[in-house]
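[1] Sequence and predicted structure below; questions after.
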Amino acid sequence: MIILEGKAVFEGVAIGRLSIYKKSEQSVKREKVEDTDAEIKRYEAAREMATEQLQVLYDKAVKEVGEASAEIFEAHQLMVEDGDYIDSVENIISTQGVNAEYAVAETGDNFQKMFLDMEDEYFRGRAADVKDITERIINCLSGAGGGGIVTDEPVIVVADDLAPSETVQMDKDKILSFVTVHGSANSHTSILAKTMNIPAIIGCDIPLTDEMDGRDAIVDGFEGKVYIDPDPDVLAEKKQIVLKEQEKKALLEQLKGKDNVTLDGQHINLYANIGNTKDLALVLKNDAGGIGLFRSEFIYLGSDDYPTEDEQFAIYKQVAETMAGKKVIIRTLDIGADKQADYFQLPQEENPALGLRAIRICLTRPEIFKTQLRAILRASAFGKISIMFPMIISVDEVKKIKEIVAEVKKELDDAGIKYDKDIELGIMIETPAAVMMAEELAEEVDFFSIGTNDLTQYTLAIDRQNQSLDEFYDPHHPGLLKMLKMVVDGAHKGGAWAGICGELGSDLSLTKEFLAMGFDELSVSPGRILPLRKTVLETNVTEYKKEKGYAN
């Protein structure tokens, strides 16, 4: 038995096999072949396999994200069968006497260059599609996977680290736990683990070798340990912990349908944070009162090009309809810093956390911003949607945003398109500047939601992605807690309601404090809704204030 230690970022115990996450890295060599006819038949078989894979992906995507978002896989099937592409591959094999992998790679490069040289933006965008199908066919030829995890059973995913764009494309049903060599407790891999309600460990010095792949293991998110080839007594002990956790969950199930009201009658809304439509089932399963944070940037991170208005509209509409009149707060594009999409071509920055990100991108690239706003507003006709803007630092920014929203509304009015004309507008409070201007900002918007991850980072001057600084990162810092109280007070004075959508909202050791501060809403990972409700139902805020010596 091998025991490795790391830092636990979500509690729980997972028992299963290890699956080493392999990034897609292709190295195609030019090789001479004698039988070109046989090589062409290899290519035809690989092409057929790629088409079958894309059909499976299309069918799965239709169920999970709707037809509009699934169309990309249908388009890729057509490109795999494109006559010009096929002719080029077969011609290179025949005339040069080379292997199919090289012929496909060469054709892919030529077609990508051809599309990139075109002036029409639509055709330029097809270059990324060519790259995707080329890699898929090469993988089919070589028998390699396209990166990621390939498994028929749920596994423990082991990786060096995982980017948001990688985690968002994983099949969540096949993941028992995450273990990474690097990463931060505040990384998006950690956030994803919390959303999925599965144990996760970072900073674990686990070898990423083929020898590790497929071995039996236990991830203990309480201890921050990974047991590889566990001894029978350890396995039995951990299975008992799993059973006890299941019993706790069964007791929490009894809280479904209950109001979030304290013993002395104080009400608070408990909403869920999600990253895509796949999380909706978890939201409903855990009885969330609404969605307090829909991270729309994952739509962009999961795409090879700017998602169109219709693609976004279909997703927002699906979320609104599924929530059936419950509040859905959509955060506008929050790209930048640790969340990068190559096609944005953002400049390299020495301090990306302080750079061009979130609302700053939207205000400097209004065409992207307007496309998203139109999609959200159109979807607002199908449910109770609110819009939230990230990384705000001034009243002037909010006024500029409202001007752009008004322009988009006029465009929709002129086109006769329905939308919620009274849609709520809110902002993220993530910077000390926004905290200090809370009352003035509240006069401009309907609500606040505090992003405690970034607010902590900027308040403590600690990069939340820097693992070596974890010991200095204190989300309970008295200065930060004072800021949270300032935000609530400022919001209420200015006529807005206030919530928390950052990770601190699910910290049960602070729930009573948040109730005493007067927060109207807490938005957390779906799996944290019922534990949070239990704490709310057991709390007497009046008595808590007396114990703490708070003034009425």
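    That came in fine, so what should we check first?
[2] Can you give me the pLDDT of the nearest residue to residue 327 once chain neighbours are set aside?
    Excluding its sequence neighbours, the residue lying closest to residue 327 (C-beta to C-beta, 6 or more residues apart in numbering) is residue 290, at 3.6 Å. Heads up, the C-betas are built off the backbone N, CA and C, glycines and all. Listed pLDDT for residue 290 reads 95.
[3] quick one: contacts for residue 290?
    Taking C-beta atoms under 8 Å, 6 or more residues apart in numbering, we find residue 290 in contact with 269, 271-272, 323, 326-329, 384.
[4] if you look at these, which of them are in helices?
    With DSSP state H as the criterion, helices contain residue 323 from among the contacts of residue 290.
[5] now the contacts of residue 290 as TSV including distance to residue 444 and pLDDT?
    Shown next, in TSV, are the contacts of residue 290 (distance: C-beta to C-beta, whole Å; pLDDT from 0 to 100):
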residue	distance to residue 444	pLDDT
269	22	97
271	22	96
272	27	93
323	26	92
326	25	94
327	20	96
328	22	97
329	17	97
384	21	96
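[6] Count the residues that sit near residue 540.
    For residue 540, the tally of surrounding residues (other C-beta atoms under 10 Å) stands at 16.
[7] Could you tell me which residues make contact with it?
    Applying C-beta under 8 Å, 6+ apart, the residues near residue 540 are 262-264.
[8] ok, 6 Å please
    When contacts are counted by C-beta atoms under 6 Å, 6 or more residues apart in numbering, residue 540 touches 263-264.
[9] Phi, psi for it please.
    phi -110, psi 100 (degrees, to the nearest 10).
[10] so what does the longest helix along the chain touch, helix or strand wise?
    Criterion DSSP H: the longest helix present in the chain is helix 36-65. For helix 36-65, the elements it packs on are helix 67-80, helix 83-96, helix 100-116, helix 121-142, judged by 3 or more C-beta pairs under 6 Å, 6 or more residues apart in numbering; DSSP states H and E.
[11] Downstream of the helix or strand where residue 441 lies, the next helix or strand is which one?
    For residue 441, the element it lies in under DSSP states H and E is helix 438-442. In the C-terminal direction, the helix or strand that comes right after helix 438-442 (DSSP H and E) is strand 447-450.
[12] any idea how far the residue nearest to residue 327 is from residue 388?
    13 Å (C-beta to C-beta, to the nearest Å).
[13] ok, now residue 158?
    35 Å.
[14] what's the neighbour count on the closest residue to residue 455 other than its chain neighbours?
    Distances taken as C-beta to C-beta, 6+ apart put residue 430 closest to residue 455, at 5.1 Å, once the chain neighbours are dropped. Counted with other C-beta under 10 Å, the neighbours of residue 430 add up to 26.
[15] What is the end-to-end distance of stretch 430-444?
    17 Å (C-alpha to C-alpha, to the nearest Å).
[16] Could you number the chain from 30 rather than 1 from now on?
    I'll keep to 30 as the first residue from here, and by that count the last item is stretch 459-473.
[17] Report all helices and strands that the helix holding residue 470 contacts.
    helix 507-523.
[18] let's see 10 Å
    Counting contacts by 3 or more C-beta pairs under 10 Å, 6 or more residues apart in numbering; DSSP states H and E, helix 467-471 is packed against helix 424-443, strand 453-458, helix 461-465, strand 476-479, helix 507-523, strand 526-529.
[19] Where does the residue sitting furthest away from the middle of the chain sit: helix, strand or coil?
    The C-alpha centroid of the chain is most remote from residue 63, which lies 48.6 Å away (C-alpha atoms, centre = their mean). Following DSSP: H, G, I helix; E, B strand; the rest coil, residue 63 is assigned to coil.
[20] pLDDT value on it, please?
    91.
[21] How about residue 369?
    Residue 369 is given a pLDDT of 69.
[22] CA-only coordinates of stretch 341-361, as CSV, when you get a sec.
    C-alpha atoms of stretch 341-361 as CSV (Å, rounded to 0.1, in the frame of the first residue of the first chain):
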residue,chain,number,x,y,z
GLN,A,341,-26.0,31.3,-26.1
PHE,A,342,-29.7,32.0,-26.3
ALA,A,343,-30.5,28.3,-26.5
ILE,A,344,-28.5,27.6,-23.4
TYR,A,345,-29.9,30.5,-21.3
LYS,A,346,-33.4,29.6,-22.5
GLN,A,347,-33.0,26.0,-21.4
VAL,A,348,-31.8,27.1,-17.9
ALA,A,349,-34.7,29.5,-17.5
GLU,A,350,-37.3,27.0,-18.6
THR,A,351,-35.8,24.2,-16.4
MET,A,352,-35.9,26.4,-13.3
ALA,A,353,-39.6,27.1,-14.0
GLY,A,354,-39.9,30.6,-12.7
LYS,A,355,-37.2,30.4,-10.0
LYS,A,356,-34.5,33.2,-10.2
VAL,A,357,-31.6,32.6,-12.5
ILE,A,358,-28.7,35.0,-12.2
ILE,A,359,-26.4,34.9,-15.2
ARG,A,360,-23.0,36.4,-14.8
THR,A,361,-21.7,38.0,-18.0
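[23] I'm done for today, thanks for sticking with me.
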